[in-house]
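Asks: 3D, please:
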Amino acid sequence: MNPDLSLTLLQSKLAVCQLAAAAKIPDWAYTGQFSAIVKTQEELSLVCEQNLVPAQIKAERNWRAFKVQGPLEFTQVGVLAALAQPLAQAEVSIFAISTFDTDYVLVKEQSLDQAVRVLRQSGFTVSQ
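Replies: Numbering: from 1, shown residues only. This is a model prediction of the structure:
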């Protein structure tokens, strides 16, 4: 994978939330600029702007997202691997989300500066 991809850092702080599998999707989960919803037999996972998440909801807060400028073709391989590998080597934990058009890589805000530095050193263009 050629790391000449362009990334844009989204400005919103995000939260990764966990609700019961039988829970209904709450309105606050998709009212912001960014949200991702995944339902399995075990849980309902939501990623959304953290300022929308009620305090009583189980959540990991203070995530920031890099958007891969797309659209990406489904035949394009190794995009997430190209992003994840240098971040893993730098011990930066990620949370990845893929959509029809592109990929998003989330990092905790305390690792943001390091992630930007590592990605740029790896040949990615990062716009903030």
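
Asks: ok, the most centrally placed residue in the chain - contacts?
Replies: In the chain, the centroid-proximal residue (Cα atoms, centre = their mean) is residue 106; its distance is 3.2 Å. Going by Cβ atoms under 8 Å, 6 or more residues apart in numbering, residue 106 touches 14, 16, 47, 63-66, 94-97. Every residue, glycine included, has its C-beta placed from N, CA and C.

Asks: if we go to 10 Å?
Replies: Listed by Cβ atoms under 10 Å, 6 or more residues apart in numbering, the contact partners of residue 106 are 10, 14, 16, 36, 47, 60, 63-66, 93-97, 115.

Asks: try residue 54
Replies: Counting by Cβ under 10 Å, 6+ apart, residue 54 makes contact with 17, 26, 28.

Asks: Secondary structure for those - can I get that in a markdown table?
Replies: Converted to a markdown table, those look like this (DSSP: H, G, I helix; E, B strand; the rest coil):
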| residue | secondary structure |
| --- | --- |
| 17 | strand |
| 26 | coil |
| 28 | helix |
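
Asks: and which of these is nearest residue 41?
Replies: residue 17 (17.6 Å; Cβ to Cβ).

Asks: and the closest one, what does it touch?
Replies: 26, 28-29, 37, 43-48, 50, 52-54, 57-61.

Asks: how close does residue 74 get to residue 98?
Replies: To residue 98, residue 74 is 10 Å away according to Cβ to Cβ, to the nearest Å.

Asks: With neighbour numbers in mind, choose between the two.
Replies: A direct count of neighbours by other Cβ atoms under 10 Å for residue 74 and residue 98 places residue 98 higher, at 14 against 7.
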